[in-house]
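1. Okay, predicted coordinates and the sequence, questions at the end:
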Amino acid sequence: MQDVVIVTGGSQGIGAAIAKAAGATGYKVALTYQSNQAMAEAVAAEIGNGALAIKAEMADEASILSLFRTVDEKLGRLTALVNNAGTPGSVCKIDAVTTDIIDTVLAVNVRAPFLTIREAAKRMATDQGGLGGSIVNISSRAAELGGAGEWIHYAASKGALDSLTIGAAKELASRGIRVNAVSPGLIQTDLHARAGAPDRLTRMVGGVPMARIGTADEVADAVLYLLSPASSYITGVILPISGGR
């Protein structure tokens, strides 16, 4: 029986790299998208092996529940989850942040992973008849660096995700589920442009000891390691992928 993985936000960037790497490793893959169906379906087609592109609104509980039901019906018993979907919100200083920004960022970056981990645990937990499994959350170095002057709201949400990772790892370990996170630094994706700072990578690369920007594939490699049996004694870890930053 093949392992089954859900990769949220898997239509582009880091999520797409993870979904493709999982498919190449032998997983049956379900990837979610919010709006760009064509892009998501192109990733699923590249993966092959019955990969599914599923529209899901991560700020909506009903949509998350529908996602898991679809995977149950079409791919089978879930064994892995990657919480990649996220939003940075607009780049702004703390005295300009709005309630709408805070609510959206926390809903997608914190509440959604709570709900997906809850649903994954119901399916993976050995005391519920599951096969066990592995969960990897995509955090950010912003959680430790703080995001001052740009996106404290984003950094705070990823700090909460780190706490969720540690707590869930301790709670679910005896039930056959490992929970870890990766914490990317400056990675070549469109995240910064979407947040309103398209030049951010160029401005910030001077602070990276390895003196370069990372790639989505480098993040995907770390995620697949944490999903795999090669990391079977690792849980509750938050792994920086940041070139030393």
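-> Done, it's in. Numbering: from 1, shown residues only.
2. Tell me which residues touch the residue nearest to residue 115 when sequence neighbours are not counted, please.
-> Nearest non-adjacent residue to residue 115, counting by CB to CB, 6 or more residues apart in numbering: residue 64, 5.0 Å away. For every residue, glycine as well, the C-beta is placed using N, CA and C. Contacts for residue 64 (CB atoms under 8 Å, 6 or more residues apart in numbering) come out as 56, 58, 112, 115, 116, 119.
3. Return a selection command, for use in ChimeraX, containing the buried ones of these.
-> Buried residues within those, by 16 or more other CB atoms under 10 Å, are selected in ChimeraX with:
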select :56,58,112,115,116,119
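4. Out of the contacts of residue 64, which comes closest to residue 231?
-> residue 116 (20.1 Å; CB to CB).
5. Okay, that closest one and residue 199: tell me how far apart.
-> 33 Å (CB to CB, to the nearest Å).
6. Which strands or helices does the host helix or strand of residue 38 pack on?
-> In this structure, residue 38 sits in helix 37-47 according to DSSP states H and E. Packed against helix 37-47 by the contact rule (3 or more CB pairs under 8 Å, 6 or more residues apart in numbering; DSSP states H and E) you find helix 13-25, strand 28-33, strand 52-55.
7. Now it: buried residues?
-> Quick answer for helix 37-47 (16+ other CB under 10 Å): 40, 41, 43, 44, 47.
8. Kindly calculate the angle that it makes with strand 28-33.
-> 160 degrees (axes from the mean of the first three to the mean of the last three CA atoms, to 10 degrees).
9. could you give the angle of helix 37-47 to helix 13-25?
-> Using the same axes, to 10 degrees, helix 37-47 lies at 30 degrees relative to helix 13-25.
10. any low-confidence regions in this protein?
-> Within the chain, the segments meeting pLDDT under 70 span 192-193, 195-197.
11. ok, the nearest residue to residue 13 once chain neighbours are set aside - contacts?
-> Once flanking residues are discounted, residue 13 sits nearest to residue 189: 3.8 Å by CB to CB, 6+ apart. By CB under 8 Å, 6+ apart, the residues touching residue 189 are 12, 13, 14, 216.
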